[in-house]
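> how does the following fold in three dimensions:
(one chain, ligands or ions: 1)
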Amino acid sequence: MSLFSRVVCTSFLTCLFILPATAGPVQRKARLGEAGKTVAPTITVAVDATEAPRKIFHSKLTIPATPGTLTLYYPKWIPGEHAPSGPVDDLAGLKFTAGDRPLNWRRDLLDVWTIHVEVPAGVTSVEANLDYLSPTAASGFSAGSSATATLTIVSWNQVLLYPKGWTADQIQFTASLRLPQGWKMGTALPILRRDGENIQFQTVSLYTLVDSPVLAGEYLKVVPLSPQGQNPPHEMDIAADSAAALDPPEEVWQQYRNLITQAYALFGARHYRDYHFLYTLSDHVAHFGLEHHESDDSRVGERDLEEADGRKLAAGLLPHEYVHSWNGKYRRSADLTTPEYETPMRTDLLWVYEGLTSYLGDVLTARSGLWTPEIYRDALALIGAELDRGRPGRTWRDLQDTADAAPALYFSPEQWLSWRRTTDFYDEDVLNWLWADVIIRQQTRGSKSLDDYCKLFYGGPNTPPMVKTYTFDDVANALNQVAPYDWRAFWTDRLRSKSPRAPLGGIEGSGWRVVYNDTPSEMFKIGEGDAKSINSEYSIGLLLKDDGTVIDAVQGSPAAREGIGPSMKIVAVNGRAFAAEVWHDALKATKNSNSPVELLVENTEYYKTYSINYHGGEQFPHLERDSSKPDMLSDIIKPK
Ligand SMILES: [Zn+2]
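Numbering: from 1, shown residues only. Predicted coordinates:
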């Protein structure tokens, strides 16, 4: 999953094959019935999405049952979200019947995602009717806003229940979907037949169904990204809130074609039957990306494909989610690999799952031409600054703990982010995996790189979707096969360090260094504008909304030391009403002044003046070339 650059910016910045028996999260024998035959159930689910613009979905399920208690689960631990984020509070209208008979049900007292249904004698199947109340707030992940007047994303885990006692790859689902009139759709889910807005899908496992969301809309464009007849096929299915948002410059499609060839050059194999980039362009849905084996559910602003600045901000999203098809879906840490959606996930290896994906996603963004080398370096400088000057919390919470605590940190507020820390295994591991890449190149005198590790760990023969699990030791051993080194010690140091300084050894070893000056980079400006924020964290120590409200005051910074904290509002700067220009002018002037910056601040209806003794001017991060070392970074991001 990716939180999309908007969050980074606030804080700074059909295939006809049936899945083989080897597919699915965990290989387990299906339970044997009394006659010695497998009895994994086949469930039908009919989803009526015709009221998607009203933010309500209706679902009807037919579930095989035997008399007694039928225990059903609403999916709780959502793959890729690494948290118990299944939106059970949005499950409504729940009714169970057998024929015309209503059945009694009660929720489990220890787990609100579990429902027990009383099945009377003689009953062999239960019908369940439920509604999913699609949220209206454009925040959160797949459980956030997913429907507008003109488009919707159907996440199957939100509109179904499944029985206890089976793995997700054992339970079979026959799904159908009804769309609003005139809407089109894109999905990796194999289609059996289509009649206008009524789609009947092939029977697949619960695992494949949950892995295959549907993007539908009035304005939906399908862009083939592979030459006709070439296998496997790739396409981008884009739904937007307007037709105008679907027409970027022609070169953009070529850049995404490059992404596919560059990813294949990096990994040396693919593990999907076909691939669908499902791209949602809307200002009214949650913005994030969620990975799947054969597709990704990525959502950005309505104009983020059509307008140049939006494209630069969003450019890294699709490469990140696409890399997950290899790192996260095909290869997954054993701790994150669960048999269904009720078993809790252990998130300790997210520094590989998300961290390496973040590094490789950014590298592929540059290699494919979606970013220029300069923009790649600007983005890397932002990460370096954010994890260094912007993270005093690294002195109490190590990187490992950001992964261990991920199920909570994904939902933490932006206030106190610098001291609390957040899901830093994304950005900090961009720095760490770059460092690992540099070490491999140094140890092998340039004959090997992290690309060789990627081929070794994620390559092999082309396969349909499947899961191969790994442990910490597997990662260290594979790195060692590429370049002998004490990788176990390297990663233990990186993960357990409580140094106040970010791990900048990779940037420095690759021939560059993070520097600060009074001119913001292009990416810095675009990010601030998009987030409607002012980032002065690396100078006076404040992250502000553009109206002067304090989002965060970096612990230990000049502003924090004088008593400023989150949710206060700067009303005036040196006696003049707050405005972005006034603020920037005042900070710039501190360099040549002995006077403190005078701030009039409102805090829960009380006003107070603060004098901040700061004289460092504005401080914006950049990468600067270190000519004493070879320029390895430019080589890393060169197209292969
Ligand atoms: Zn991710």
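> which bits of the stretch 301-450 of the chain sit near the ion?
residue 354 (Cβ under 5 Å from the ion). All C-beta spots, glycine's among them, are computed from the backbone N, C-alpha and C.
> tell me where the stretch 301-450 of the chain has strands.
331-333 (DSSP state E, counting those that start in this stretch).
> how about the helices in it?
308-314, 317-323, 350-353, 355-367, 373-387, 399-404, 406-409, 417-420, 427-443, 450-458 (DSSP state H, counting those that start in this stretch).
> elements contacting the first one?
I take that to be helix 308-314. helix 4-11, helix 522-531 (3 or more Cβ pairs under 8 Å, 6 or more residues apart in numbering; DSSP states H and E).
> on that earlier part again, now distance to residue 331 too, for the helices of the stretch 301-450 of the chain, in CSV please.
Putting those into CSV (distance: least, Cβ to Cβ, whole Å) gives the following:
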stretch, distance to residue 331
helix 308-314, 26
helix 317-323, 11
helix 350-353, 9
helix 355-367, 10
helix 373-387, 24
helix 399-404, 17
helix 406-409, 18
helix 417-420, 30
helix 427-443, 15
helix 450-458, 6
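> can you put the ones you listed in a markdown table and add mean neighbour count and mean pLDDT?
Shown next, in a markdown table, are these (neighbours: other Cβ atoms under 10 Å; pLDDT from 0 to 100):
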| stretch | mean neighbour count | mean pLDDT |
| --- | --- | --- |
| helix 308-314 | 20 | 96 |
| helix 317-323 | 27 | 98 |
| helix 350-353 | 27 | 98 |
| helix 355-367 | 26 | 98 |
| helix 373-387 | 23 | 98 |
| helix 399-404 | 21 | 98 |
| helix 406-409 | 18 | 97 |
| helix 417-420 | 23 | 98 |
| helix 427-443 | 23 | 98 |
| helix 450-458 | 20 | 98 |
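> which of the ones you listed sits closest to residue 231?
helix 317-323 (17.4 Å; Cβ to Cβ).
> other SSEs contacting that closest one?
helix 251-267, strand 275-281, strand 288-291, strand 295-300, helix 355-367.
> at 6 Å instead, please
strand 288-291, strand 295-300, helix 355-367 (3 or more Cβ pairs under 6 Å, 6 or more residues apart in numbering; DSSP states H and E).
> got a list of contacts for it?
2, 4, 259, 277, 289, 291, 296, 298, 357, 360-361, 364-365 (Cβ atoms under 6 Å, 6 or more residues apart in numbering).
> and that helix, how far from the chain's centre?
Distance, stretch centre to chain centre, for helix 317-323: 9 Å (Cα atoms, centre = their mean, to the nearest Å).
> assign the spatially closest residue to residue 596 that is not a sequence neighbour to helix, strand or coil.
The shortest distance from residue 596 to any residue other than its chain neighbours is 4.0 Å, reached at residue 611 (Cβ to Cβ, 6 or more residues apart in numbering). Of the three states, residue 611 takes strand under DSSP: H, G, I helix; E, B strand; the rest coil.
> how much space separates residue 611 from residue 617?
18 Å (Cβ to Cβ, to the nearest Å).
> so for the two, which sits in the more crowded spot?
More neighbours surround residue 617 than the other of residue 611 and residue 617, with 17 against 11 (other Cβ atoms under 10 Å).
> wait, that one touches residue 591, no?
Yes. Judged on Cβ atoms under 6 Å, residue 617 makes contact with residue 591 at a distance of 3.6 Å.
> hmm, back to that, how about the helices and strands packed on helix 317-323 in JSON lines, adding distance to residue 183?
Listed next are those as JSON lines, based on distance: least, Cβ to Cβ, whole Å:
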{"stretch": "strand 288-291", "distance to residue 183": "21"}
{"stretch": "strand 295-300", "distance to residue 183": "17"}
{"stretch": "helix 355-367", "distance to residue 183": "31"}
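> and which of the contacts of helix 317-323 is nearest residue 224?
For the contacts of helix 317-323, the nearest to residue 224 is residue 277 (11.3 Å; Cβ to Cβ).
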